[in-house]
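K.L.:
When you get a sec, could you give me coordinates for this:
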Amino acid sequence: MLGNLKNLSLFWQEVKRRNVVRRNTVYAATAFVILELVDIITDPFGLPAWTLKLVVVLLSVGFIVSLIVSWNYDISPEGVLEKTKPAHKAKNEALPITSAGWKIATVVSFLIIIGLIVLNILPSNSQSQNLEELEISIAVLPFVNMSDDEKNVHLGGAFTDEIIMELQKIKAFDRVLSSTSTMQYSENRPTIPEIAEKLNVSYIIEGSIQRHEEEVRIRVQVIRAKQEDHIWADEYNARWDDIFSIQDEIAFKVANELKTVLSSEEIEQIDKQPTDNSEAYDMYLKGRYFWNKRTEKDTKDAIEYFSDAISKDKNYALAYAGLADAYVILAIYEWYLPQQESYMKAKKIASEALKIDPTLAEAYTSLALVKLHHEWDWDGASNDFKRAIQLYPDYETAHHWYSLYLTAVGRHDESIREAKQAQELNPYSPIIVRNVGRRLYFAHKYEQAFEESLNALNLAPDFFPTHWTLGLLYLQKGMFPEAISSLQNAVRYSGDNLYVKSLLGYVYGATGNQGKAQEILNGLLEAAKQAYVPAIAFVNVYIGLGDNDKAILWLEKAYEERSAKLIDLNVNPIFDPLRSDPRFKELVSRMNFPDF
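P.N.:
Residues are numbered from 1 along each chain as shown. A predicted model of the protein is given here:
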């Protein structure tokens, strides 16, 4: 121990003899000053974002060189650079006398280093604000549609979606909000700073679009939100055929004005045109416009428009992906087609999209949901969801639907995290906010689920899935009148959807109102004589009535139909009365769930 201390002391004496500490303290202080200076002038002089990183690398290399040089060389009193004598040759020499100037320089340098460290650890309020503003977060407000004919009613929202998708390809942008978050500003708009504060973004993009026959005029501007500073604006007058070039140029201009350097991969992604057929593109935009409305009639219309787009361009991968998404929505809400038929159509169409474009995240997402809901291919679904998120990290639907998989396999914390990631990307979507509540419900975190569901209800008071989630939560809280009222609202807003009616029947039965539950059951049996009624609907009502034998019987039929609702067998509280039944356990084993 004493020997080690002696060696350390000798080494320190040698370091001082060679003036290593003195010179490198001055070097470090100078480097700190240079870094602060570069950080200050980067924005005003329009320097690239990587400038500071380059200076850090160069100064780090210089520090290593300084250590080597100061150890091996010294400057004589005459100012000549000479090699430092080894310790054994200099042992009889006194340590070099440090001049007063060098002592002052060393002390000042040391104080500068300490001061800069303290300033960086304890930033002032203004510095904190500057750090916040370094985040490039963007909200694209709905483009005002100045077109004067009904056939272009979709254009403002659809063009907004396309610009958002282009900007989301730029990795340097920390957040580009989905259009659902800004849809609330389609009609009434507060001031730009107010919008930015509510959406928590640093930049706002707004504009207008006007189409007359084959001519289009687009105005766009980028605003630094807090200062309401217009940093770029432009107007484009062109043929509709040039719409893709305009979208690309807007994305490149925004990147340039926000001092972003694009990679070759990003440039290639932005430049890639989904179709050469402007008519097909118009049909696709209309399809997405109606798909986003999430009603049975609008979904039918979306299917027609996506199909028209494909008929005009057989290689339009995004149109195939849109059509697959539409059939997925039909299956999820069990509208007018048996789930099995809808999912099989969705799978075939999504596979076609991937043949055309193997990098299409939207198609991987639809295919993953089919594998999850219909095929119960757990590994395949997981892989496709991960691939979609890898290709398109800001695609909120991929995060949303991946959370369904994670719940089904019992990974609740991850599921909630993915659901909240989707919510962060699209915080004003009632579908996505309701899904956060749904994931929390399955995780038995009922109070948090209730809070999120109320948030979703505030966003869209007539969104029926939120009402049914709230009804089931009220049931868990023992608030039976509220549970029944919420499910009644869900039935009304859903247009008397039979699955939603079955949930009301379940709640009636579970709260002791057997007569009302039986009425709903009779209605389902009557409806089944004329139209498709999913078997899982009968399961819900029979569980509410306490008739477990018939519930199991219909559960087997739901299994034969490959009902999507069965992915939640292990986590849905509705199935709790059946869990001890050997027939239920045997059916669960046939689902081949991954080990929790």
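
K.L.:
At which residues are the strands of the stretch 51-200 of the chain located?
P.N.:
Under the criterion DSSP state E, counting those that start in this stretch, the stretch 51-200 of the chain contains strands at 73-75, 81-83, 137-140, 144-145, 175-176.

K.L.:
Please list the residues outside stretch 227-235 that contact it.
P.N.:
191-193, 217-224, 250, 253-254, 257 (C-beta atoms under 8 Å, 6 or more residues apart in numbering). C-beta here means a position set from N, CA and C on the backbone, and glycine is covered the same way.

K.L.:
Then stretch 292-301?
P.N.:
Residues outside stretch 292-301 that contact it (C-beta under 8 Å, 6+ apart): 157, 180, 290-291, 326, 329-330, 333, 335-336, 431, 495.

K.L.:
Can you flag which of these belong to helices?
P.N.:
Among the contacts of stretch 292-301, the members falling in helices (DSSP state H) are 157, 180, 290-291, 326, 329-330, 333, 431.

K.L.:
from those residues, which has minimum pLDDT?
P.N.:
Within the ones in helices among the contacts of stretch 292-301, Thr180 has the lowest pLDDT, namely 75.

K.L.:
Report how many residues lie close to that residue.
P.N.:
Each residue near Thr180 was counted by other C-beta atoms under 10 Å, and the total is 20.

K.L.:
Do I have it right that it meets Val433?
P.N.:
No. Look at Thr180 against Val433 with C-beta atoms under 8 Å: they stay out of range, at 9.9 Å.

K.L.:
Just after the host helix or strand of Asp248, pick out the following helix or strand.
P.N.:
Per DSSP states H and E: Asp248 is located in helix 243-257. Remark: after helix 243-257, the chain's next helix or strand is helix 264-271, criterion DSSP H and E.

K.L.:
residues in contact with that following helix?
P.N.:
166, 169-171, 248, 251-252, 262.

K.L.:
In ChimeraX, how would I select just the buried ones from those?
P.N.:
Burial among the contacts of helix 264-271 is assessed by 16 or more other C-beta atoms under 10 Å; the matching ChimeraX selection reads:
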select :166,169,170,248,251,252,262
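
K.L.:
Just give me the closest of the contacts of helix 264-271 to Leu369.
P.N.:
Distances from Leu369 to the contacts of helix 264-271, taken as C-beta to C-beta, are shortest for Lys169 (23.1 Å).

K.L.:
part of a helix, is Trp554?
P.N.:
Yes. Assessed by DSSP: H, G, I helix; E, B strand; the rest coil, Trp554 belongs to a helix.

K.L.:
Now for it, how many residues are close by?
P.N.:
For Trp554, the neighbour count with other C-beta under 10 Å is 21.

K.L.:
tell me which element the residue lying closest to it once chain neighbours are set aside falls in.
P.N.:
Excluding the flanking residues, the one nearest Trp554 by C-beta to C-beta, 6 or more residues apart in numbering is Phe538, at 4.1 Å. Per DSSP H and E, Phe538 falls inside helix 535-545.

K.L.:
how far does that helix sit from the chain's center?
P.N.:
36 Å (C-alpha atoms, centre = their mean, to the nearest Å).

K.L.:
contacting residues around Tyr289?
P.N.:
By C-beta under 8 Å, 6+ apart, the neighbours of Tyr289 are 154, 157-158, 302.

K.L.:
Max pairwise distance over those residues: which two?
P.N.:
Spanning the widest gap among the contacts of Tyr289 are Gly157 and Ala302, at 13.4 Å by C-beta to C-beta.

K.L.:
Please identify which of the two sits among more neighbours.
P.N.:
Ala302 (26 against 20).

K.L.:
how about the helix or strand harbouring that one: buried residues?
P.N.:
Here Ala302 sits within helix 296-312, counting by DSSP H and E. Across helix 296-312, burial judged by 16+ other C-beta under 10 Å covers 298-299, 301-303, 305-310, 312.

K.L.:
now swap in stretch 318-338 and tell me
P.N.:
Those would be 318-335, 338, for stretch 318-338 by 16+ other C-beta under 10 Å.

K.L.:
repeat for stretch 228-239
P.N.:
So stretch 228-239, judged by 16+ other C-beta under 10 Å, has buried residues 232, 236.

K.L.:
how far is that stretch from where the chain is centred?
P.N.:
Remark: stretch 228-239 is offset 28 Å from the chain centroid, using C-alpha atoms, centre = their mean.

K.L.:
That stretch - what's its average pLDDT?
P.N.:
87.

K.L.:
Alpha carbons only: can I get the helix holding Ala302 in PDB?
P.N.:
Output of helix 296-312 as PDB, limited to C-alpha atoms (Å, rounded to 0.1, in the frame of the first residue of the first chain):
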ATOM      1  CA  GLU A 296     -69.900   2.100 -41.800                       C
ATOM      2  CA  LYS A 297     -71.100   4.200 -44.800                       C
ATOM      3  CA  ASP A 298     -67.900   6.200 -45.100                       C
ATOM      4  CA  THR A 299     -65.800   2.900 -44.900                       C
ATOM      5  CA  LYS A 300     -67.900   1.600 -47.800                       C
ATOM      6  CA  ASP A 301     -67.200   4.800 -49.800                       C
ATOM      7  CA  ALA A 302     -63.500   4.500 -48.900                       C
ATOM      8  CA  ILE A 303     -63.400   1.000 -50.300                       C
ATOM      9  CA  GLU A 304     -64.900   2.200 -53.600                       C
ATOM     10  CA  TYR A 305     -62.400   5.100 -53.900                       C
ATOM     11  CA  PHE A 306     -59.400   2.900 -53.100                       C
ATOM     12  CA  SER A 307     -60.600   0.300 -55.600                       C
ATOM     13  CA  ASP A 308     -61.000   3.100 -58.300                       C
ATOM     14  CA  ALA A 309     -57.400   4.200 -57.500                       C
ATOM     15  CA  ILE A 310     -56.100   0.700 -58.000                       C
ATOM     16  CA  SER A 311     -58.100   0.300 -61.300                       C
ATOM     17  CA  LYS A 312     -56.300   3.400 -62.600                       C
END
